[in-house]
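Peer 1: Could you work out the structure for the sequence below:
(one chain, ligands or ions: 1)
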Amino acid sequence: MATDNPLTRSAIGLLCYLVIAYVVRLIRWRARSHGRPLPPGPRGIPILGNVVYMRQPEMWRAHQRLCKAYGDVVHLSVFGQHIVVLGSQQAIVDILEKQSASTSDRQQHALIELSGQGFNFAFFPYDHRWRRHRRVFSQHIPSTVPQEQISIQRQYASLFLRKLHENPADLRDHIRYVFSATIVKIVYGVEVADEHDPNIALMAKLLAALQGFDSGRMLVQYFPILQHVPMWVPVVGAQLRELAEWRAAADEVKQVMFSKTLDDVDHGRQNTSVLARILQELDEEKDVNVAEEQAIAKNACVTAFEGSADTTFSTIQAFFLAMSLNPDVQKKAQAELDSVVGPQRLPDPRDKASLPYVNAVLKETLRWHPVAPFGIPHTTGDDIEYRGYFIPKGTTFVANTWACMHDPDVYADPDRFLPDRFMRDGKLDPDVRDPNDFVFGYGRRKCPGKAFAEVQMFTIIAMVLHVFDITPPLDESGQPIVITPRVTGSFVVYPEDCRCTIKPRSAQAEALIVGAAGESSTG
Ligand code: HEM
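Peer 2: As a prediction, this is how the structure comes out:
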């Protein structure tokens with residue numbers, strides 16, 4: 001008989017095992033899903049699933065098309081991982097806001113630790129440890145921005161004006177500098193002199209690592225087993241070496257910046273930074289695990305730096321590009337500043353309520369160029385139901401923030417930069433969809449630096465418009481170069497080209513720039 005053959009017996013045994021495993025899985029799935037289907041979506045290819053939808057240029061446009069074909073809640077599967085694309089405000093609010101007790105988790109993968117990002121609580125699972133980090137962050141960078149932090153933002157914004165005046169061609173470096181230096185001063189109390197300061201170089205390494213982490217090109221993200229491959233293996237070995245450099249950069253930043261602040265505190269030097277305060281409070285507290293609390297403070301501070309430096313850096317580049325492409329908008333904002341603030345002083349955050357059009361410029365910048373077109377994807381920690389569909393625990397939600405910001409039914413002509421769409425009768429129109437409710441994310445994971453970022457970006461935009469004219473860049477023969485707005489990056493995006501010509505609006509404006517630099521104690 002054929003079954004006497006041990007090979008055949010093993011094959012039959014394996015087959016029986018597979019059939020039983022399949023049936024058990026099916027029964028369990030039925031029990032969990034109660035027969036409800038997954039949301040609709042395109043058919044995938046074996047093993048890879050719908051990977052093609054997760055790796056393509058301008059993925060947000062591709063997802064918008066996907067939602068047109070299948071509806072605003074679309075199921076994809078990539079290497080067996082469930083992904084649900086959310087393509088409308090309704091679906092995002094229903095799932096990420098209203099069910100946020102279940103949908104605030106993050107997908108965990110080997111790359112987070114391997115790339116040195118294990119400290120960043122933006123990537124933590126939704127658990128007790130995340131809550132402790134987030135609480136420390138929100139106590140010290142609260143939603144009502146303290147006056148002391150506003151003053152530091154203003155001081156560095158003034159310095160930014162002077163740097164732009166002296167060397168407008170280095171726009172990008174100045175933007176990088178102003179946001180990095182401000183957060184480093186607020187969080188660690190460390191003064192960063194200029195773009196060439198070693199602290200900036202240190203932080204730049206960390207940001208390069210974050211951008212690499214985001215890029216999706218690291219193979220260990222998809223095949224964690226590859227982390228055990230020897231370094232000499234082509235391609236993977238080179239990636240593992242790169243990851244080791246990123247880890248070293250993250251450890252260095254954490255340690256160097258922490259030690260500077262600790263040294264100030266230990267030697268009684270004046271330091272009123274977030275970290276110094278936390279360390280002083282810990283000194284006075286009894287019954288706390290100081291090492292554990294210090295580790296949380298260290299993580300929260302570097303997370304603040306990472307959360308702040310790139311998002312604002314990208315948004316303000318988009319602002320300069322938008323201004324050089326839209327002279328009418330610029331003139332209108334300048335007219336408002338002239339009439340409300342006048343030529344004798346610079347605007348400041350207290351003018352915010354009296355400058356609706358400048359507010360509209362900021363809103364339109366955030367809408368036109370959402371820096372994180374998909375936010376940071378959430379994951380569900382429980383099986384959930386939506387519109388009769390079953391969404392299993394562990395599903396990752398990709399919320400198409402970009403699509404909500406470019407919905408032609410909400411924003412006519414969405415690719416155009418039109419701050420007027422937020423205005424009615426000379427005031428901000430409360431009935432227009434507010435980009436601030438989208439671009440900073442959703443539910444319990446919503447950006448905790450939102451208020452801080454809004455005040456800082458408003459201050460910079462208002463100050464820049466008050467004293468500078470921004471026009472297109474010129475070529476060697478003095479002719480304007482026409483820039484077509486395009487972005488680079490994947491999960492965080494940056495304008496590909498934001499070159500422009502920046503000149504003081506008048507002699508009086510120039511005096512304000514120079515005078516403002518005198519106000520700042522830095523640089
Ligand atoms: C243009 C400015 C900014 C934008 C557009 C932005 C956007 C975002 C988005 C989309 C998320 C993910 C939210 C979610 O998971 O739903 C996020 C998270 C976060 N942001 Fe921001 N952000 C900005 C500025 C800042 C600043 C200035 C800070 C710090 C001072 C900051 C700190 C953080 C942190 C710590 C998280 C992680 C929150 C968590 O997972 O619990 N962000 N941000």
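Peer 1: For residue 143, grab the count of nearby residues.
Peer 2: Using other CB atoms under 10 Å, residue 143 has 10 neighbouring residues. In short, each C-beta sits where N, CA and C put it, glycine included.
Peer 1: That one is in what secondary structure piece?
Peer 2: Using DSSP states H and E, residue 143 maps to neither a helix nor a strand.
Peer 1: mind checking how far it is from the ligand?
Peer 2: 11 Å (CB to the nearest ligand atom, to the nearest Å).
Peer 1: for the residue nearest to that residue when sequence neighbours are not counted, what are its contacts?
Peer 2: In space, residue 143 comes closest to residue 451 once its chain neighbours are excluded; the distance is 4.6 Å by CB to CB, 6 or more residues apart in numbering. Residues in contact with residue 451, defined by CB atoms under 8 Å, 6 or more residues apart in numbering, are 142-145.
Peer 1: next one: residue 372
Peer 2: By CB under 8 Å, 6+ apart, residue 372 lies in contact with 311, 401, 439, 441, 491-493.
Peer 1: That one belongs to a strand, doesn't it?
Peer 2: No. Residue 372 sits outside any strand when classified using DSSP: H, G, I helix; E, B strand; the rest coil, being coil.
Peer 1: Quick check: next helix or strand after the helix ranked longest in the chain?
Peer 2: Longest helix in the chain by number of residues (criterion: DSSP state H): helix 290-325. Proceeding N to C from helix 290-325, the next assigned helix or strand is helix 327-340, under DSSP H and E.
Peer 1: hang on, the earlier thing: read off the pLDDT value for the residue nearest to residue 143.
Peer 2: Looking at residue 451, its pLDDT is 97.
Peer 1: cool, residue 353 as well?
Peer 2: Looking at residue 353, its pLDDT reads 96.
Peer 1: From residue 457, how far off is the residue of the stretch 101-250 of the chain found nearest the ligand?
Peer 2: Closest to the ligand within the stretch 101-250 of the chain is residue 122: 3.4 Å, counting by CB to the nearest ligand atom. Distance of residue 122 to residue 457, computed by CB to CB, to the nearest Å: 19 Å.
Peer 1: Then residue 355?
Peer 2: Distance, residue 355 to residue 457, by CB to CB: 13 Å.
Peer 1: try residue 61
Peer 2: Separation of residue 61 from residue 457 (CB to CB) stands at 26 Å.
Peer 1: Enumerate the residues of the chain near the ligand.
Peer 2: Within the chain, the positions lying close to the ligand (CB under 6 Å from any ligand atom) are 121-122, 134, 137, 141, 303-304, 307-308, 311-312, 315, 371-372, 375-376, 378, 439-442, 445-449, 452-453.
Peer 1: And the buried ones among those residues, selectable in PyMOL?
Peer 2: The PyMOL selection below is limited to those of these classed as buried (16 or more other CB atoms under 10 Å):
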select buried, resi 121+122+134+137+141+303+304+307+308+311+312+315+371+372+375+376+378+439+440+441+442+445+447+448+449+452+453
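Peer 1: Now for residue 410, how many residues are close by?
Peer 2: Counted by other CB under 10 Å, the residues lying close to residue 410 total 14.
Peer 1: tell me the SS of it?
Peer 2: Classified using three-state DSSP, residue 410 is coil.
Peer 1: got a list of what it touches?
Peer 2: The neighbourhood of residue 410, defined by CB under 8 Å, 6+ apart, consists of 404, 432-433.
Peer 1: ok, now with 6 Å
Peer 2: Going by CB atoms under 6 Å, 6 or more residues apart in numbering, residue 410 touches residue 433.
Peer 1: Quick one: mean pLDDT over stretch 220-233.
Peer 2: So the average pLDDT for stretch 220-233 ends up being 90.
Peer 1: Give me the residues contacting it.
Peer 2: For stretch 220-233, contacts defined as CB under 6 Å, 6+ apart pick out 109-111, 114, 219, 236-237, 240.
Peer 1: Using PyMOL, make a named selection holding only the buried ones among the residues you listed.
Peer 2: In PyMOL syntax, the buried subset of the contacts of stretch 220-233 is picked out as below (16+ other CB under 10 Å):
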select buried, resi 110+111+114+236+240
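Peer 1: Show me the domain layout of this protein.
Peer 2: The chain resolves into domains spanning 30-108+373-406, 119-372+407-516 when parsed by the TED database.
Peer 1: Same list, those, but as CSV with distance to residue 10 please.
Peer 2: Shown next, in CSV, are those (distance: least, CB to CB, whole Å):
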stretch, distance to residue 10
domain 30-108+373-406, 24
domain 119-372+407-516, 26
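Peer 1: if we can go back for a sec, of the contacts of residue 451, closest to residue 497?
Peer 2: Distances from residue 497 to the contacts of residue 451, taken as CB to CB, are shortest for residue 145 (32.0 Å).
Peer 1: from what I can see the closest one touches residue 453, true?
Peer 2: No. In this structure, residue 145 is not within contact of residue 453 by CB atoms under 6 Å, at 9.6 Å.
Peer 1: Next up, the contacts around the residue in the stretch 201-350 of the chain that the ligand sits nearest to.
Peer 2: Nearest to the ligand, among the residues of the stretch 201-350 of the chain, is residue 307, at 2.4 Å (CB to the nearest ligand atom). By CB under 6 Å, 6+ apart, residue 307 lies in contact with residue 449.
Peer 1: Repeat that for residue 493.
Peer 2: Counting by CB under 6 Å, 6+ apart, residue 493 touches residue 487.
Peer 1: Phi first, then psi, for it.
Peer 2: Here is the backbone geometry of residue 493 (degrees, to the nearest 10): phi -120, psi 150.
Peer 1: That one and residue 87: what is the separation?
Peer 2: For residue 493, the distance to residue 87 - CB to CB - is 18 Å.
Peer 1: ok, now residue 348?
Peer 2: For residue 348, the distance to residue 87 - CB to CB - is 40 Å.
Peer 1: likewise residue 308?
Peer 2: Separation of residue 308 from residue 87 (CB to CB): 29 Å.
Peer 1: Then residue 500?
Peer 2: 34 Å.
Peer 1: Repeat that for residue 447.
Peer 2: Per CB to CB, residue 447 is found 21 Å from residue 87.
Peer 1: burial of residue 316, as a residue count?
Peer 2: Neighbours of residue 316 (other CB under 10 Å): 26.
Peer 1: Would you mind listing where the stretch 201-350 of the chain has pLDDT under the threshold?
Peer 2: For the stretch 201-350 of the chain, applying pLDDT under 70 flags no range at all.
Peer 1: Kindly recompute the last result at 90.
Peer 2: The model of the stretch 201-350 of the chain has pLDDT under 90 over residues 201-219, 221-224, 249, 253-257, 265-266, 268-271, 282-290, 309-310.
Peer 1: And residue 348 and residue 87? Which one has more around it.
Peer 2: Neighbours per residue (other CB under 10 Å) separate residue 348 from residue 87, with residue 87 holding more: 25 against 18.
Peer 1: Could you pull out the buried residues of the longest helix of the chain?
Peer 2: Buried, per 16+ other CB under 10 Å, within helix 290-325: 293-294, 296-325.
Peer 1: roughly how far is it from the heart of the chain?
Peer 2: 8 Å (CA atoms, centre = their mean, to the nearest Å).
Peer 1: Can you check what angle separates it from helix 327-340?
Peer 2: Calculated by axes from the mean of the first three to the mean of the last three CA atoms, to 10 degrees, helix 290-325 forms an angle of 110 degrees with helix 327-340.
Peer 1: Straight-line length of stretch 431-446, end to end?
Peer 2: End-to-end distance for stretch 431-446: 22 Å, by CA to CA, to the nearest Å.
Peer 1: how about residue 425, phi and psi?
Peer 2: Main-chain dihedrals, residue 425, degrees, to the nearest 10: phi 50, psi 40.
Peer 1: Kindly state the pLDDT recorded for it?
Peer 2: 97.
Peer 1: Number of residues surrounding it?
Peer 2: Around residue 425 there are 5 residues (other CB under 10 Å).
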